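A.B. asks: Attaching a predicted model along with its sequence, questions to come.
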Amino acid sequence: MDFNDTAAEAEFRAEVSTWLEANVPAEKEFAGMTPLERAKFWQKRKYDAGWACLRWPKEFGGRDASVVEQVIFNEEEAKHDVEPAVFAIGHGMCGPTMIAWATDEQNRRYMPKIASGEEVWCQLFSEPAGGSDLAALRTSAVRDGDDWIVNGQKIWTSGAQHSDYGILVVRTDPTVPKHQGLSYFFLDMKSPGVEVKPIKQISGDAGFNEVYFTDVRIPDAQRLGAVGQGWQVALTTLMNERASIGGGGSGRGIVNCTRLVELFEKVNLDGSAAIEDGAVQAKLADWYVKEAGLKFVGYRSMSAMSRGDVPGPENSIGKLVAAPMRQEMSTFALDLLEGAGAIWDKELSEAAGLYQMGYMAAPGGRIAGGTDEIMANIIAERVLGLPQDVRLDKGIPFTEVPTSASS
Amino acid sequence: MDFNDTAAEAEFRAEVSTWLEANVPAEKEFAGMTPLERAKFWQKRKYDAGWACLRWPKEFGGRDASVVEQVIFNEEEAKHDVEPAVFAIGHGMCGPTMIAWATDEQNRRYMPKIASGEEVWCQLFSEPAGGSDLAALRTSAVRDGDDWIVNGQKIWTSGAQHSDYGILVVRTDPTVPKHQGLSYFFLDMKSPGVEVKPIKQISGDAGFNEVYFTDVRIPDAQRLGAVGQGWQVALTTLMNERASIGGGGSGRGIVNCTRLVELFEKVNLDGSAAIEDGAVQAKLADWYVKEAGLKFVGYRSMSAMSRGDVPGPENSIGKLVAAPMRQEMSTFALDLLEGAGAIWDKELSEAAGLYQMGYMAAPGGRIAGGTDEIMANIIAERVLGLPQDVRLDKGIPFTEVPTSASS
Amino acid sequence: MNFEFSDEQNMLREQAGAFLRDNCSMSVVRNILTSDEPFDRGLWQKIVEMGWTATAIPEQYGGLGLSYLELCVIAEELGRVVAPVPFSSSVYLATEAVLVYGSEEQKGKWLPMLAEGSVIGCFATAEQAGHAASNKTGCSVGANGLSGTKIAVVDGDLADFAIVTASEGDSVSQYLVDLNGSGVERQTVDTIDPSRSHANLVFSGADATLLGNAGAGWDQVAVIHDRAAVLFAWEQVGGSKTALDMAKDYAMERYAFGRPIAGYQAIKHKLANIYVKTTLAESNSYYGAWALSTNAPELPLAAATARVAGIQAYHFATAENIQTHGGMGFTWEFDCQFLYRRAKLLAMTIGGELTWQKKLVAALRTAA
Amino acid sequence: MNFEFSDEQNMLREQAGAFLRDNCSMSVVRNILTSDEPFDRGLWQKIVEMGWTATAIPEQYGGLGLSYLELCVIAEELGRVVAPVPFSSSVYLATEAVLVYGSEEQKGKWLPMLAEGSVIGCFATAEQAGHAASNKTGCSVGANGLSGTKIAVVDGDLADFAIVTASEGDSVSQYLVDLNGSGVERQTVDTIDPSRSHANLVFSGADATLLGNAGAGWDQVAVIHDRAAVLFAWEQVGGSKTALDMAKDYAMERYAFGRPIAGYQAIKHKLANIYVKTTLAESNSYYGAWALSTNAPELPLAAATARVAGIQAYHFATAENIQTHGGMGFTWEFDCQFLYRRAKLLAMTIGGELTWQKKLVAALRTAA
């Protein structure tokens, strides 16, 4: 057990650090760019120098690097104010699914452009009637010659508005039980019949979209896996979703213990800094236990991955612990601010409105990507091996599953 | 809305108070008595003066009093160090069930002796294989002429070791679904074939018993309700279990906010009384909110009962809130005592070992009479009207319900 | 002892509830939240016409002279519908301050106008982040009048007068300031609950009349906050009940894996917990209502208990209501947000959970 | 960076686990708990023979000179089986105190005996209820030796020597006291965990040798507690895992309403929560192990984090293990009680949750 870099790791870190120092664009290089343009500009520069999607094969635009090297790069990059979030889905979920299921020819065509940021990808899984019951999706695809005709609606699609391609799960056979009738495709988001509508959240953000499909044609060559095998392909995507390491949330834009210590040192409570108060200390300590614990869970997971293990469902604890904690943290911080906490204004609010935004964004964090309740179920069933919930829809043709009190 | 006594209530309270002042036995009157003898001695004195089981009809040994009068009597009696717990089951559950279902003749025979404390009653419902699934009981009764022959085992029977009579639910037909095959009796606990074995709890107490039945004969005349109607009769008993008012837990032997304030004023934490600490204050405030809230829930329930309403399932919140809270309180108090908290000794421990006993007794409190989880289900289903859990045993003959992984 | 509202009070509840259901649906809240209008003037006018602003003001000052129990009933109903009106500022805080601490002259001048709704009052204490009473008071009164800035004053941009804490020399007192007079600048600010309006008030030599006793500023604030806490708690109870109803209705309708999500224990127990917290808050608020209505010495303890319970219940109910709704719950189009925002606003307005936990313990120690 | 135990350490874990499963079943714990025996002498002898008491003692003092990582591995396994032996007192506390603060002479005298198990040490700080370091120290050292009473000394009735905090004039120091010498009376006391023995130690002119620096008593206690906290945390992690296993096994076997209770979300999510808390405690204990083994400056923060996480996980796991067992869980005949008792004992022994939360925040502020 060693927390410090090995000699090789230290050397790699120095190389990364030196390169970043020299190449992270100065603010003026970004002048006049939209956030998307900034992100693409920086991603292209990394790609050109061989610093994009480090773990991917070189022939697909990566670097054939180890997990630890990827983590070191991420840690060093996080020290600079550059925002790669727009590529998270493409790099973290779409790319690995393509590598696992697409042809080499397809991968040589698509992967480098994902890595370079030239083409942005999104994930089209969730549907309005699905929610926690992901596989209950209804968007249909019907075979028509060499194509499939897709009709239906997806929801909660991050980044759909600026995506070039998407990965998509659809129902190709509604007469069999729900997991058996699915197939998986990737598609050009500019295809005729694809319509993207942003969803405004209660935080005011609109990071998610609804995506409507009206007679959209997808070539059968863009199918991943066999017809009816869509659920297995989707599991590859979902497993990679879990592989994201960490959970510490050290960014400046996130409510975390570091920010809270700053706040508690500053705000007065009964004549002293709030951090002198026992209740504040007890809360802070409990949160730190969780935040640090998740960080070290991530390190352990990384050690396991660098030995070649696949990240397992135990990584579900990250979201289950962090999301409600962020809600508690923001709620408590606002309480401590008392009247001033009501004001939500970049100029006037403490920390530029971090806690107000944290409070309003937290409910989404507890739901998006799997609710607290689903995460607990995943741990109970897949980590601990407890029985599934009683499934009244099991083995029943999809069309016959009740979907409302009247059905 | 008025928290104070009406003129009539104040008069009644004064009458009660005066009588108690004059009649609560001095310690020397109890000399040489066992706890049971003390309890019977005091109960008899109350009965003789017309102060037993106030709400019961006079002809059955009561006073035909109102709910409010009963509460006033309880409040006044609680100011004296007299312990009526041994009669709780008989007075609170058995008596009311008898009044509802037994013949007048039977009630004239049994009720006055329950009221006077001459005969102690217990309740024989739970079974080892039942637990939260109360109606899954297996103790059988088979008709034999004018009698029934009972075989099986009950568990968690409070006070069985000194009970004269018991109320009993048994299975008279295992071939029908589980709620339909039950019948309800009362029986003489001295009947041949009844064997009582105490259950030692982790707290060291042995308030519960196992009761074994081997070919025990019960006259059919002691059946309450029709054959197969046992579950309905049992619901009368369980409904009365809920009718107990209060939840404040003001007795000296119970961990509550009053005791905690005493402790926190006394124990040193970082150079001041612990109660000066913010964390201690936050915990204490949260507990007080619950303790006071339950007390006022009880008052509201009493107001409703004095209008003639039957106490509903909403009273389940008392146990659901109080039992885990007592565990938290004891756990926290011991923590504050640090090393000294380990010592469990009437002489050496803070408050004579109250918190150590509280810690060890708390798990039982969260289970006996319905687990936290069952209580939450009761509120969800019976108060809020949410659907029952999926019941795989529904409508199935009792003998065909799975009871283990191998069945 | 009788721990229930009277038949008349329950009739008032029914009338108020029916009126608000008709006149204050969630779309009314949405309108105010998304527009520049600081409050719903039409709704406010009707509320005034029904005499709610006059409820607890004695008849000699133009009020109805009813008890605080009636005001609690109205507060719960306003809480249920997340009403976008300045009722709490004007009635629970400003009116109470004038009633309790005003001179005969001040009462004679302001109470009749408050009762008939021709003026709206507000209550200004905070100047910076943190607990106002323990922060330094920067607003001060001198020969030129009152100067300094109060922040996050609820209804500060629409109120006609404010009760302002300010220092004069070494001591802090409360002052009554006509906000329509000179030396007052109002800066509307964005908040987490735009269905209620807030402003920073910048005073530069505003006319200020002493309210109550010189030097007793923070003691008076504490007394008014105790009284208001009970009424806030009733709004919180009302809001919690609405959140529970919304969550329950949605959970019964929404199916997953072939059955309503209301049938899963995770949801069942969540809703049971909302019910439990709401019931505890409600019962503690009963006691608070009694203590307020009888001016009982137990008021500080009863108020703190009701307030802490109200904050906790409303927060939990509204956060878990969104959670029960899943993805739809955090969209702008659903109504869950109004309750979640209001829960936080009510929790912060007269001092947060931590402050009131401390007050509760202080009161408990005094009582012990 | 590599965040795993080495293959050798994992082999030690397997050996230790196998040995303890064979030699320390729950019936062994039950025997000590229900008898007057203060600890399992046979088990202790075997533990000594395997060299566990010598693990982190340098070879020059007769130890094995292994790292603290090996000791963490052993601690977790001892925690798993709720071992009724004086390992924590003697190894985590007394040995550490001598190692860190002993003079060469003291180390040369005591460490070889501790390593070979011919003496057992204990650690005596508390004199009354509450946090020992902030209470007045009544034990004092004068011309006649050490006098006063220490309470609730774990293994105080069986240990050969004690590390005792006592005052001399105005300053508090640590002293090493031979408990087999004169002027020492041991009074065995009943506790909530009778599977571990406790005594009050009454000193009347006992021989006492200064350990470490005069006047540095509480600072030294804090350092030793930080080190021990990591090892206690590993015992807590081990115990939490046992509780989770017990709860899971029972929930899979026990049927209600025709199916295993493990299939109900209330139980599923309860067990998931035990898993989560245990995993957080374990991961924090990894960091603590690293900090302890490398004597890193992060040790105070790492120790406090592991300790708070360990206390919380073990308490929750053992309380909810009983809850999962239902009625059987709180009977004397079931084994759930051993874990529940030990959880509380470990939580109190070197300072409670509140104390360590405060230490954590202090360390966090220092680090910030």
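C.D. replies: Structure's in. What do you need?
A.B. asks: residues near residue 52, how many?
C.D. replies: Going with chain A. Neighbour count for A:A52, taken as other CB atoms under 10 Å in any protein chain shown: 24. (C-beta placed from N, C-alpha, C; glycine too.)
A.B. asks: ah, I was thinking of chain C
C.D. replies: Count around C:W52 with other CB under 10 Å applied: 25.
A.B. asks: quick one, strands of chain C?
C.D. replies: For chain C, strands defined by DSSP state E occupy the ranges C:121-124, C:140-142, C:145-154, C:161-168, C:171-178, C:184-189, C:198-206, C:208-211, C:255-256, C:259-260.
A.B. asks: Highest mean neighbour count out of those?
C.D. replies: With neighbours defined as mean count of other CB atoms under 10 Å in any protein chain shown, the strands of chain C peak in mean count at strand C:121-124, which reaches a mean of 29.
A.B. asks: Tell me how far that one lies from the chain's centre.
C.D. replies: Mean-position distance between strand C:121-124 and its chain equals 12 Å (CA atoms, centre = their mean, to the nearest Å).
A.B. asks: Neighbouring strands - and their directions - for that strand?
C.D. replies: When sheet partners are counted by DSSP bridges, strand C:121-124 sits next to strand C:161-168 (parallel).
A.B. asks: ok, and what's touching the partner strand?
C.D. replies: C:93-94, C:97-98, C:110, C:119, C:121-125, C:132, C:137, C:139-142, C:146, C:148, C:150, C:153, C:156, C:172-179, C:201, C:203, C:208, C:211, C:214, C:217-218, C:221, C:224 (CB atoms under 8 Å, 6 or more residues apart in numbering or on different chains).
A.B. asks: So for it, mean pLDDT?
C.D. replies: Averaging pLDDT along strand C:161-168 yields 97.
A.B. asks: what's the angle from that strand to strand C:184-189?
C.D. replies: 110 degrees (axes from the mean of the first three to the mean of the last three CA atoms, to 10 degrees).
A.B. asks: Specify the angle between strand C:161-168 and strand C:171-178 in degrees.
C.D. replies: 150 degrees.
A.B. asks: mind saving the C-alpha coords of strand C:161-168 as PDB?
C.D. replies: Extracted in PDB, the C-alpha atoms of strand C:161-168 (Å, rounded to 0.1, in the frame of the first residue of the first chain):
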ATOM      1  CA  PHE C 161     -43.100  50.400   6.200                       C
ATOM      2  CA  ALA C 162     -40.500  48.400   7.800                       C
ATOM      3  CA  ILE C 163     -39.600  47.400  11.300                       C
ATOM      4  CA  VAL C 164     -35.800  47.900  11.300                       C
ATOM      5  CA  THR C 165     -33.200  47.000  13.900                       C
ATOM      6  CA  ALA C 166     -30.500  49.700  14.100                       C
ATOM      7  CA  SER C 167     -28.000  51.000  16.600                       C
ATOM      8  CA  GLU C 168     -28.000  54.300  18.300                       C
END
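A.B. asks: What is the distance between that strand and the centre of its chain?
C.D. replies: With CA atoms, centre = their mean, you get 19 Å for strand C:161-168.
A.B. asks: Could you tell me the angle between it and strand C:198-206?
C.D. replies: Using the same axes, to 10 degrees, strand C:161-168 lies at 60 degrees relative to strand C:198-206.
A.B. asks: how much space between A:G364 and C:M328?
C.D. replies: 11 Å (CB to CB, to the nearest Å).
A.B. asks: These two - which one has more neighbours?
C.D. replies: The residue with more neighbours, out of A:G364 and C:M328, is A:G364; 22 against 18, by other CB under 10 Å.
A.B. asks: Now tell me what touches the strand or helix carrying that one from outside.
C.D. replies: Secondary structure from DSSP states H and E places A:G364 in helix A:354-365. With contact meaning CB under 8 Å, 6+ apart, helix A:354-365 is reached by A:201-205, A:253-255, A:259, A:263, A:319, A:322-323, A:326-327, A:329-331, A:333-334, A:337, A:341, A:343-344, A:349, C:192, C:319, C:322-323, C:329-330, C:340-341, C:344.
A.B. asks: Please apply the same query to stretch A:274-283.
C.D. replies: Outside stretch A:274-283, the residues within contact range by CB under 8 Å, 6+ apart are A:261, A:263-270, A:284, A:328, A:332, A:336, B:277-282, C:130, C:354, C:357, D:354, D:357-358, D:361, D:365.
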